[in-house]
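**Student:** Please work out how this folds:
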Amino acid sequence: TGENEILVQDKNNMLYLLDTSGKEIWHVLIDAPIRSQIYQVDAYKNGKLQYLFSTADKIYLVDRLGNFVDRYPLVLRAETTVPVSVFDYDGNHNYRIFAASNDNKVYVYDISGNLLKGWDFAGTENLVNSEISHYSISSEDFIVFHDSYKVYFVARNGSEKLKFLTGFKFSDNAIYCDISGTPKFVTTDENGMVRRFFKDNRQDSISRGEFSSRHHFAMKDIDLDGKADYIFVDSARLSVYGNNGKLLFDYGFDTDVSAPTFYRFGGQTRIGLVSADGQLYLFNTNGTLHEDFPLSGEVPFSICESEGGNYSLVTGTGKGRIVNYRITK
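**Tutor:** This next block holds a predicted model:
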């Protein structure tokens, strides 16, 4: 309909769809916590959307009335080690669902729940510990991920495209694509060292500080210079570095905080975090806290445009409440 809706799962694994006034549209029981992001897909190519997501061992496809689509939930061959990823390579609704599993295999399904014919990937040496990502550089496709010690760059059919020798242990962070300057793929090792891989089989490393093995790493253009910046969250500290290595800003918290989430509105890219003591933080481009923050909330939040040119921030509390805050640009 073009209207925003709210999808939320509670601790008893019940999944609810609500309208923006908080009225329940439907609810359905899922047998485990949702581990992946929730994708909206057009499985029937008719303009009617469904929700696709995964638990540890199943993939779900739920229609707009709250019913499971035929053949779903799909029981996976083995339990996943990272959340499933969904790609629509050419924007034609021919979805591909990637599931990296604890048998060292990466399974690929089509939207009908069938294993994809033509996918011929030999498997990984260790368990995959990064999100599987897809990038296109000058119309050339790369499906990228890593296990603890090896990085994989493969084509749509699973054949190897790039090969690197890596004598270090990777963090659990995803691999990003940086197209500023010479295109490169970027992630971190367990010590927070930035590791970069180039299409000509070169690799290098750069330091942006000292970080623990529990650090979160992401890339996003925060300072709006057209180049992706380096964002680190480690325990109770946020550190943001420009693409040139300059520290743009950092911030210390009283307690540990979540992985960063990014929001684009009001002409800025903002960084959102949730602290362990139930506080929501939203940082502006210059490193200042957005007006009225921190706010109370206990789970990662969503932001969407609301009436009057303002924005709604929706989050949840430990008391079973959904909270809708109005925030300014």
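
**Student:** Could you use CA atoms for every contact and neighbour count after this?
**Tutor:** OK.

**Student:** Ile206: neighbouring residues, count only.
**Tutor:** By the measure other Cα atoms under 10 Å, the count of residues near Ile206 is 12.

**Student:** Specify the beta-bridge partners of the residue nearest to it when sequence neighbours are not counted.
**Tutor:** Nearest residue to Ile206 in three dimensions, chain neighbours excluded: Val194, at 5.2 Å (Cα to Cα, 6 or more residues apart in numbering). Residues found in beta-bridge contact with Val194 (criterion: DSSP bridges) are Thr188, Ile206.

**Student:** Then Ile231?
**Tutor:** Counting by DSSP bridges, Ile231 forms beta bridges with Ala218, Val240.

**Student:** Just give the nearest non-adjacent residue to the spatially most central residue of the chain, would you?
**Tutor:** Note on the chain: the residue nearest the mean C-alpha position is Gln37, at 6.6 Å, using Cα atoms, centre = their mean. Using Cα to Cα, 6+ apart and skipping residues adjacent in sequence, the residue nearest Gln37 is Phe53, 6.3 Å away.

**Student:** So the residue nearest to the centre of the chain, which state does it fall into?
**Tutor:** Using DSSP: H, G, I helix; E, B strand; the rest coil as the criterion, the local structure at Gln37 reads coil.

**Student:** Surely Phe121 is in contact with Lys161?
**Tutor:** No - with contact defined as Cα atoms under 8 Å, Phe121 and Lys161 do not form a contacting pair (11.6 Å).

**Student:** Quick check, Ser235 in contact with Pro260.
**Tutor:** No - the pair formed by Ser235 and Pro260 falls short of the contact definition of Cα under 8 Å, at 11.8 Å.

**Student:** ok so, going back, secondary structure element for the residue nearest to Gln37?
**Tutor:** Using DSSP states H and E, Phe53 sits within strand 50-54.

**Student:** what angle do the helix or strand that comes right after that strand and strand 50-54 make?
**Tutor:** Past strand 50-54, heading to the C-terminal end, the next element that is a helix or strand (DSSP H and E) is strand 58-62. Strand 58-62 runs at 170 degrees relative to strand 50-54, counting by axes from the mean of the first three to the mean of the last three Cα atoms, to 10 degrees.

**Student:** other SSEs contacting the next helix-or-strand element following strand 58-62?
**Tutor:** Later in the chain than strand 58-62, the nearest helix or strand by DSSP H and E is strand 74-75. In this structure, strand 74-75 packs against strand 58-62, with contacts taken as 3 or more Cα pairs under 8 Å, 6 or more residues apart in numbering; DSSP states H and E.

**Student:** And the strand it packs on, what's buried?
**Tutor:** Of all the residues in strand 58-62, those buried under the rule 16 or more other Cα atoms under 10 Å are 58-62.

**Student:** No further queries at this time; thank you.
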